[in-house]
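*Asks:* need coordinates for the below:
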Amino acid sequence: MSDSDSASPAPVEIDRPIPNILVTGTPGTGKTTTSEMIANATGLEHVNVGEIVKAKQLHEGYLEEFDTHILDEDKLLDELEDVLKEGGKVVDFHTCEIFPERWFDLVLVLRTDTAPLYDRMEKRGYNQRKMQENIECEIMQVVLEAARESYAPEIVVELPSNTTDDIESNVERVQQWLEAYKAQHA
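*Replies:* Numbers count the residues shown, from 1 in each chain. This next block holds a predicted model:
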């Protein structure tokens, strides 16, 4: 295999005046809170994929032992295609590799230390198996690695999400990035 075969994918150039941002991470890392705050600070529209999956029944049933719905990826992608076409969205979901690269201009991977992550999941009432699996996923950087494998390296940004200060700082960084993006695509 040549070096070019193992390189990350080249960014897919979509010239939209307002970007789409994906906020992803292990459950409990603060995706929804961060996405809502980004939307409020920037005027972008928050798209909570988990809520859409439930509301529009874009799943194939429920997996009791993991306390989660079984996602129907094809239905979800069909549902989101037109929603994301024009840009201006902050998409919040724990899985990133199912989405086409062309949909996003920035991918934020939120990372949280295991102690605050455990506390957040416990407050949500997650069962022990679900908590253990999610803690292991965070330790093993599963979502971060999936993002790095699925998107061009220059659009994937790893951000700490342990405290309110972290989240506020992340929102400020996104605001600055958005202003630069808009200036570049004016």
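*Asks:* tell me the phi and psi of the residue lying closest to F104 once chain neighbours are set aside?
*Replies:* If you skip the residues right next to it in sequence, F104 has L22 as its closest partner in space, 4.6 Å away by CB to CB, 6 or more residues apart in numbering. Glycine gets a C-beta too; all of them are placed from N, C-alpha and C. With angles defined as degrees, to the nearest 10, L22 sits at phi -100, psi 130.
*Asks:* so for L22, what's the pLDDT?
*Replies:* At L22, the pLDDT value in this model is 98.
*Asks:* how near is it to G88?
*Replies:* 13 Å (CB to CB, to the nearest Å).
*Asks:* more neighbours: those two, which one.
*Replies:* Taking other CB atoms under 10 Å, L22 and G88 do not tie; L22 has more neighbours (28 against 16).
*Asks:* what helices and strands are in contact with the lengthiest helix in the chain?
*Replies:* What stands out as the longest helix in the chain, according to DSSP state H, is helix 164-184. With contacts defined as 3 or more CB pairs under 8 Å, 6 or more residues apart in numbering; DSSP states H and E, helix 164-184 has these neighbours: helix 31-42, strand 106-111, strand 156-160.
*Asks:* sheet-wise, list the partners of the last one with their directions.
*Replies:* The one in question is strand 156-160. Strands that pair with strand 156-160, judged by DSSP bridges, come out as strand 106-111 (parallel).
*Asks:* now the helices for the chain?
*Replies:* 3-6, 31-42, 49-55, 73-85, 114-123, 128-139, 142-150, 164-184.
*Asks:* dump these to CSV, plus mean neighbour count, distance to V107 and mean pLDDT.
*Replies:* Formatted as CSV, those follow (neighbours: other CB atoms under 10 Å; distance: least, CB to CB, whole Å; pLDDT from 0 to 100):
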stretch, mean neighbour count, distance to V107, mean pLDDT
helix 3-6, 6, 20, 39
helix 31-42, 20, 12, 98
helix 49-55, 16, 14, 93
helix 73-85, 14, 13, 95
helix 114-123, 15, 20, 97
helix 128-139, 16, 17, 95
helix 142-150, 18, 5, 98
helix 164-184, 15, 12, 97
